[in-house]
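Peer 1: Have a look at this prediction, sequence included:
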Amino acid sequence: MTSARTRSRMIDRIKQLGVEDPRVLTVMGHVPRHVFVDEALSHKAYDDTALPIGYGQTISQPYIVARMTELALGAAQHEKVLEIGTGCGYQAAVLSQLFKTVYSIERIAQLSKAARDRLNQLGLRNVRVRHADGSLGLPDAAPFDVILIAAAAPIVPEDLIDQLSLGGRLIFPVGGEDQELRLIERQEDGVIETRLEKVRFVPLLPGLA
Ligand code: SAH
C-alpha cells in the first residue's frame, strides 16, 4: 500500500498534470505521505486526492502540494519559508527538504500539536510549528523568501507582501466558492501578480481553535 511502486505512481500522476521540477518530484517521492494521514486511510495515502485529517480539515491533494512547491522554488532565495495552515504537516515536510528553515502556523491546537510531534518523529528539525492565527503572517520572523497559504483567503492578503524579501513569492488561493491560485512576486520596483488555475481549499478562518 505504501510501497515504492505506489509512490512512483503518485509521482507519475503529478508529472502528467504538468509539474516537472525534478527537485519537487524527488522530494515528494521520498516524504512518506501515509505517515500524515490516519492509519485507516493509509491505503489511499498515495492517491492524488485530498483526504480528511479531522476537525473538518484536509491534507491537500499531492498535485497541488507539488504545484505550490514548484512555484515556491521560483523565489530568488530558499532560506526562510512561511506556511499558513500546517494541517497535518505534509506540505511543511516537503518544504523542509528544499528550504533552510520552515515556519508553519496552524490555528487548530490539536492539529498543530500532532503535526509538531510527527515532524519531530521524522527528524525534520528545521520546521518550526506555531499554534497561532496566521492571517497576519509572522512579523517577528519576517522577511520570508516564500509565504505559502494552504487555505483560501476571501480577499488578496496585501499585508503579507510586506513580509516578503526582495524576489520573494506569496502563493495563495483566493476566493469563496470559486477559488483561484495566485502568485505575487516582490520586486525592486513593485509587485507582479499572476492569476493561475482554479483550485479548491478549505477557508482561511480568523482566531484560534
Ligand atoms: N498544509 C496542509 C493543508 C492544510 S489544510 C497539507 O500539507 O496538506 C489548511 C489548514 O489551514 C487547516 O488545518 C486549517 O485549520 C488551517 N487554517 C485555516 N485558517 C488558518 C489561520 N488563520 N491560521 C492558521 N491556520 C489556518
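Peer 2: Okay, I see it.

Peer 1: In space, what's closest to the most centrally placed residue in the chain - neighbours in sequence excluded?
Peer 2: When Cα atoms, centre = their mean is applied to the chain, the residue found nearest the centroid is Q91 (4.2 Å). Excluding the flanking residues, the one nearest Q91 by Cβ to Cβ, 6 or more residues apart in numbering is V65, at 5.2 Å. From N, CA and C alone the C-beta is placed, and that goes for glycine too.

Peer 1: my guess is that neighbour meets V31, correct?
Peer 2: No: counting by Cβ atoms under 8 Å, V31 is not a contact partner of V65; they are 9.3 Å apart.

Peer 1: what sits in contact with each of those two?
Peer 2: Common contact partners of V65 and V31 (Cβ atoms under 8 Å, 6 or more residues apart in numbering): 90, 94.

Peer 1: Comparing those two, which residue is more hemmed in?
Peer 2: Higher neighbour count among V65 and V31: V65, with 25 against 20, using other Cβ atoms under 10 Å.

Peer 1: Look up how far I147 lies from the more buried one.
Peer 2: 16 Å (Cβ to Cβ, to the nearest Å).

Peer 1: next one: A109
Peer 2: 22 Å.

Peer 1: Looking at the two now, which is surrounded by more residues?
Peer 2: I147 (29 against 12).

Peer 1: ok so that one is a strand residue?
Peer 2: Yes: counting by DSSP: H, G, I helix; E, B strand; the rest coil, I147 is located in a strand.

Peer 1: That one is in contact with D159, isn't it?
Peer 2: No: assessed by Cβ under 8 Å, I147 is found out of contact with D159, at 10.7 Å.

Peer 1: Now the common contact residues for the two.
Peer 2: The contact sets of I147 and D159 overlap at G137 (Cβ under 8 Å, 6+ apart).

Peer 1: Need the phi and psi values for the residue located most distally from the centre of the chain.
Peer 2: Relative to the C-alpha centroid of the chain, counting by Cα atoms, centre = their mean, D189 is the outermost residue, at 27.5 Å. The phi and psi values for D189, taken as degrees, to the nearest 10, are phi -100, psi 20.

Peer 1: can you give me the strands for this structure?
Peer 2: 51-54, 57-59, 80-84, 101-106, 127-131, 144-149, 164-175, 179-187, 190-199 (DSSP state E).

Peer 1: if I look at R107, how far off is the ligand?
Peer 2: 4 Å (Cβ to the nearest ligand atom, to the nearest Å).

Peer 1: quick one, what contacts that residue?
Peer 2: Contacts of R107 by Cβ under 8 Å, 6+ apart are 131-134, 205, 207-209.

Peer 1: redo that, cut-off 6 Å
Peer 2: Taking Cβ atoms under 6 Å, 6 or more residues apart in numbering as the criterion, R107 is in contact with 133, 208-209.

Peer 1: go on, R7?
Peer 2: 29, 46.

Peer 1: measure it to the ligand for me?
Peer 2: Here R7 is placed at a distance of 16 Å from the ligand (Cβ to the nearest ligand atom).

Peer 1: Over to A153?
Peer 2: 9 Å.
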